[in-house]
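> fold the stuff below for me.
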Amino acid sequence: MNLKSRLTRVLSLSLAAAIAAGLAGCASTPEPNTPGAAARSVEYGAGAGLSRCVWDPKDPSRYEGSTDDSAVCPRIVGQVLVKMPPPSFAQRDANASVDARSGPFVEVGYAKLGDVDFDGTYLYEDVPVDDRGSIEAEAFFTGAGYYLPVTPKLSLSGKAGFALWDVDEDEVFGGVPESHSASGTDPYYGLGVSWALKPSLFVEAQWERFTDIGEPGETGRDDVDSLGVTLNWRFGANEM
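All right, here's what the predicted structure looks like:
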């Protein structure tokens, strides 16, 4: 699949997720003149961060040797948040402002999933073969989730969606140089903790798992865990 087709699929999935988040927000819209009605808005933001990516092979019994997946992975993300009135336990003082994120959101972004170097033996048709090389992976992703504020500045979040990934592998297998590539679309999900530094600036620590990255028989198939920190900036809002 070429880049244009992949980006078209990302944008289509993002639009569907945005509609779903909007409907979720509208379903709980307070009536005019009721408490909390003025607190609802649609917010727009973007962020950038770094993650530590750890690869979890689906079939580790076939490979024996060393691997190095210590590369730091950059990521960028854009978000649309339907901000909801905070729950009473997060707003301990009725007159205090709650800067923590609250409500359903949609995200779309790009993440590097790591550069993995390996050197060992691979069991091919029950025969161990020398195998060394490197694997690079990246993904465009889109998903939806929810921020639940627990204090005026702290929110917990969960999310799920789909990642459109690409994997490239260069190796020397049994003394023969080879190159392999694979691409696909598979689910990802994650959990996060967000802290409001300012009303428009947030830092978020998050764990994400990108599932079924790669193709068996070509690049191998792995799950990739990403643990990192993102700095998010809110640059616009419209009241609803």
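
> for the protein, which segments count as helices?
Along the chain, counting by DSSP state H, helices occupy 3-27.

> point to the residue nearest the middle of it.
E208 (5.6 Å; C-alpha atoms, centre = their mean).

> measure the residue nearest to it when sequence neighbours are not counted to F235 for me?
Spatial nearest neighbour of E208, chain neighbours left out: G190 (3.6 Å); criterion: C-beta to C-beta, 6 or more residues apart in numbering. The C-beta positions use only the backbone N, C-alpha and C, and glycine is treated the same way. Applying C-beta to C-beta, to the nearest Å, the value for G190 to F235 is 23 Å.

> who's more crowded, the two?
Taking neighbours as other C-beta atoms under 10 Å, G190 and F235 compare with G190 leading, 21 against 9.

> which residues sit in contact with the more buried one?
By C-beta atoms under 8 Å, 6 or more residues apart in numbering, the contact set of G190 is G145, G158, K159, A160, Q206, W207, E208, R209, S226.

> what's opposite the first one in the beta bridge?
Right, G145. Per DSSP bridges, the residues bridged to G145 are F105, K159.

> just to revisit the earlier point, tell me the pLDDT at the residue nearest to the centre of the chain?
Listed pLDDT for E208 reads 97.

> report the beta-bridge partners for it.
Beta bridges link E208 to G190, S226 when assigned by DSSP bridges.

> so how far is K159 from it?
8 Å.

> separation between V80 and P149?
With C-beta to C-beta as the criterion, V80 and P149 are 18 Å apart.

> between these two, which has more neighbouring residues?
Comparing V80 with P149 by other C-beta under 10 Å, the one with more neighbours is P149, at 25 against 20.

> I'd guessed that one sits against G103; true?
No - taking C-beta atoms under 8 Å as the definition, P149 is not a contact partner of G103, at 9.1 Å.

> and the residue nearest to the centre of the chain, what does it touch?
S51, A111, Y188, Y189, G190, D225, S226.

> most neighbours among these, which one is it?
Using other C-beta under 10 Å as the neighbour criterion, A111 leads these with 26 neighbours.

> for G65, grab the count of nearby residues.
Residues contacting G65 under the criterion other C-beta under 10 Å number 13.

> from what I can see it touches D117, true?
No - checked against C-beta under 8 Å, the pair G65 and D117 is beyond contact range at 10.6 Å.

> show me the shaky parts of this structure.
1-39, 58-59, 61, 89-98, 237-240 (pLDDT under 70).

> filter the contacts of G190 down to the buried ones.
Neighbour-count burial (16 or more other C-beta atoms under 10 Å) applied to the contacts of G190 gives G145, K159, Q206, E208, R209, S226.

> out of those residues, flag the one nearest to D168.
Ranked by distance to D168 (C-beta to C-beta), the buried ones among the contacts of G190 are led by S226 at 18.5 Å.

> contacts only, for that closest one.
51-54, 73, 75, 111, 113, 190, 206-210.

> nearest residue to D99 other than its sequence neighbours?
A196 (3.7 Å).

> who does the one you found bridge with?
F202.

> now do P177
Listed by DSSP bridges, the beta-bridge partners for P177 are V172.
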